[in-house]
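[1] sequence first, predicted coordinates after that:
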Amino acid sequence: MTRPIILDCDPGHDDTIALILACASPSLAIKAVTTSAGNQTPEKTLNNALRILTLLGRSDIPVAGGALKPLMRELIIADNVHGETGLDGPTLPDPSFAPQTEHAVELMANILRQSEQPVTLVPTGPLTNIALLLATHRELIPKIQEIVLMGGGAETGNWSPAAEFNIYVDPEAAKLVFQSGIPITMCGLDVTHRAQIMDEDIERIRKIDNPIAGVVAELLDFFMIYHRDPKWGLEGAPLHDPCTIAWLLAPELFKAQTCWVGIETQGEYTQGMTVVDRYQLTNQPANATVLFDVDRQGFVDLLVERLHYFTTHSSAS
Ligand code: BDR
Ligand code: CA
């Protein structure tokens, strides 16, 4: 049985690789791609989603743009990581199809309403659209199987000492999502900094005999530049967003723990921090499954194995 999912993303190099991994996995049925403002402006992330799905020959997947800014704050973008277009590096086709005229929140709501099976939401950008969906369509919450998100971290931040980018950009939205009572899997920096892609892995991907793998290698070449700064202490580039899809495909690769996670919206130095109660120091009931570790080699092998899919499946199927 296939698992219906909706990807809510801000492509973004690693969002794109998550989307490509999902499109290469017949056990996942992508019901829609919605875009959030984050890595780049909302116009650019929407355009990037359309360009990638055009490349993949997947104009059958409905795409809709979401909120133009975070719930209560001004938008911060990560063009220092993802470049002027949000997807600098490879040459990508112009979109061959238009987005839906409805807002991302309404597209998600319609899909949830019509789906016989509960749908898994996979947000890999700021959580603005998901928060708006939960706030405006409470009747549809039972139609959400779970939320598997990239964001946060128990032990470190990457945008401030305390906070990871996606949660930092819209902490009020993240708070709403984490307090929703919906089962959440949090792929935070604890695990994504272990899901590193190394130079030799990129060469392995480049050698795969299809153009999609070639684009992934070029995306990774660009993504690597920002992460080569020795201050990060990384050997490669952390494949943040693809951890969500890898978790859905192969949970046995990961180490997880259920914890209470609170979102800091007020702190002087800690805005957007995910406060993870790993040692049950509060009396708060667990609200998330937090991923802490991954079998890095198994993760890379999964990505490589799935990218071979495009050698025999070059368009929508
Ligand atoms: C997250 O921020 C973005 O730059 C990436 O796409 C990822 O979702 C990592 O902090
Ligand atoms: Ca992202």
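    Yep, it's here. Ligands and ions are numbered 1, 2, ... in the order given.
[2] what segments of the chain are helices?
    For the chain, the helices defined by DSSP state H occupy 13-23, 42-55, 79-82, 104-114, 128-136, 165-169, 171-178, 189-192, 199-206, 211-227, 242-249, 296-307, 309-312.
[3] touching ligand 1 at all, the first one?
    Same thing as helix 13-23. Yes. Helix 13-23 is in contact with ligand 1 by Cβ under 6 Å from any ligand atom, via Asp14, Asp15. Just so you know, the C-beta spots here come from the backbone N, C-alpha and C atoms, and that holds for glycine as well.
[4] now swap in the longest one and tell me
    No. Judged by Cβ under 6 Å from any ligand atom, helix 211-227 stays clear of ligand 1, getting no closer than 9.1 Å.
[5] hmm, back to that, quick one: closest of the helices of the chain to Met150.
    Nearest to Met150 among the helices of the chain is helix 242-249 (5.4 Å), distances taken as Cβ to Cβ.
[6] can I get the helices of the chain in TSV including mean pLDDT and distance to Val63?
    What follows is the helices of the chain, written out as TSV (pLDDT from 0 to 100; distance: least, Cβ to Cβ, whole Å):
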stretch	mean pLDDT	distance to Val63
helix 13-23	98	11
helix 42-55	98	5
helix 79-82	93	19
helix 104-114	98	8
helix 128-136	98	13
helix 165-169	98	20
helix 171-178	98	21
helix 189-192	98	25
helix 199-206	98	25
helix 211-227	97	18
helix 242-249	98	17
helix 296-307	98	21
helix 309-312	96	20
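[7] as TSV, the ones you listed with distance to ligand 2 and mean neighbour count would be great.
    Listed next are the helices of the chain as TSV, based on distance: least, Cβ to the ion, whole Å; neighbours: other Cβ atoms under 10 Å:
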stretch	distance to ligand 2	mean neighbour count
helix 13-23	4	28
helix 42-55	9	23
helix 79-82	9	18
helix 104-114	15	20
helix 128-136	13	24
helix 165-169	6	29
helix 171-178	14	24
helix 189-192	10	24
helix 199-206	19	16
helix 211-227	11	20
helix 242-249	10	26
helix 296-307	16	18
helix 309-312	22	16
